[in-house]
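Participant: Following is a predicted model, sequence given first.
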Amino acid sequence: MKKVLVTGSKGQMGQALKSISGNYPKVDFVFMDRDSLDITCQSVVDEVFDKILPDYCFNFAAYTAVDKAEEDVESAFKINGEGVFNLAKACVKHNTILIHLSTDFIFDGTKSSPYFKDDIPNPINVYGVSKLKGEEYVKEILQSYYIVRTSWLYSDFGHNFKQTMLRLSNANDEINVVDDQIGAPTNALELCCFLMNLMQEKREYGVYHYRGEKVCSWYEFAVSIFRENNINIKVNPITTEEYPTKARRPKYSVLDLG
């Protein structure tokens, strides 16, 4: 039986994987949240690995508040950079295979066609830079790893665009949503299944891209969410300039699946 340590268990991906963990009876999952495993503390990480001796570590712990990261740079890098460094070091010591989630936001969005795995990253916000730093640590320290970049995660768990739209629909008859940023919404449960397949099929180590098939704008994504949930609300398409945010977003961040 494989033992899998899952960090960030109270986040969207952690909750999603936990909800389907019963489908994998030959896997011993150990779910740990920030309180039980603070990845920014090397001694805590080492203690947990020494006790659990995991075969795999799924790193779902991350600082994902894109706008807040512009002002809280230290926290973003502490979690997305230093925390990943600590996990990678522990994985080396215990011969643990790391499955690490990354993001489309490591790219600048200036392309008009999907980003390949070997395209040169050029993040345009603090969050993206911090996630890229995490990737670099994994590649520098480990040989046995999977870096899985994904985009626009949504589910019935945690904080995500779908949940935000449903919440806004409860208090508004009309909303404005950006229509000139293009990406690919990704179902968190489907991503979990992909990660489990990576592990079970023992695929070649390295960088992978995983996303949903549908490519759309945030506006189009919002419209589809309301349609699927039979919610009657007026959705107005607006430009990025009409909805200023602290962090810049890529205009086009679709990941190539090849």
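Facilitator: Received the coordinates, thanks. Only a predicted model underlies this, so the values are computations on that prediction, with no experimental measurement involved.
Participant: got the buried residues for stretch 133-145?
Facilitator: 133-135, 137-138, 141-142, 145 (16 or more other Cβ atoms under 10 Å). Quick note: C-beta positions are derived from backbone N, CA and C, even for glycine.
Participant: What about those, which are in helices?
Facilitator: Under the assignment DSSP state H, the buried residues of stretch 133-145 contribute 133-135, 137-138, 141 to helices.
Participant: can you tell me which of those residues lies nearest to residue 123?
Facilitator: Residue 123 lies nearest to residue 133 out of those, by Cβ to Cβ, at 9.6 Å.
Participant: looking at it, that closest one is touching residue 83, isn't it?
Facilitator: No. Counting by Cβ atoms under 8 Å, residue 133 stays clear of residue 83, with 10.4 Å between them.
Participant: Give me the common contacts of these two.
Facilitator: Common contacts of residue 133 and residue 83 (Cβ atoms under 8 Å, 6 or more residues apart in numbering): none found.
Participant: Find the nearest non-adjacent residue to residue 253, please.
Facilitator: Distances taken as Cβ to Cβ, 6 or more residues apart in numbering put residue 104 closest to residue 253, at 3.9 Å, once the chain neighbours are dropped.
Participant: An error on my part: the question was meant for residue 18.
Facilitator: Nearest one to residue 18, counting by Cβ to Cβ, 6+ apart, is residue 31 at 5.7 Å.
Participant: Neighbours of residue 163, how many?
Facilitator: 16 (other Cβ atoms under 10 Å).
Participant: Is it within a helix or a strand, and which one?
Facilitator: helix 161-171 (DSSP states H and E).
Participant: Against residue 242, how distant is residue 252?
Facilitator: Residue 252 is 18 Å from residue 242, where distance means Cβ to Cβ, to the nearest Å.
Participant: These two: who's more crowded?
Facilitator: residue 252 (19 against 12).
Participant: In contact with that one, which residues?
Facilitator: So residue 252 contacts 109-112, 181-183 (Cβ under 8 Å, 6+ apart).
Participant: Would you map the helices across the stretch 151-258 of the chain?
Facilitator: For the stretch 151-258 of the chain, the helices defined by DSSP state H, counting those that start in this stretch cover 161-171, 188-201, 218-228.
Participant: Kindly reformat these as TSV containing distance to residue 93 and mean pLDDT.
Facilitator: As requested, those are exported to TSV (distance: least, Cβ to Cβ, whole Å; pLDDT from 0 to 100):
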stretch	distance to residue 93	mean pLDDT
helix 161-171	38	97
helix 188-201	20	98
helix 218-228	42	98
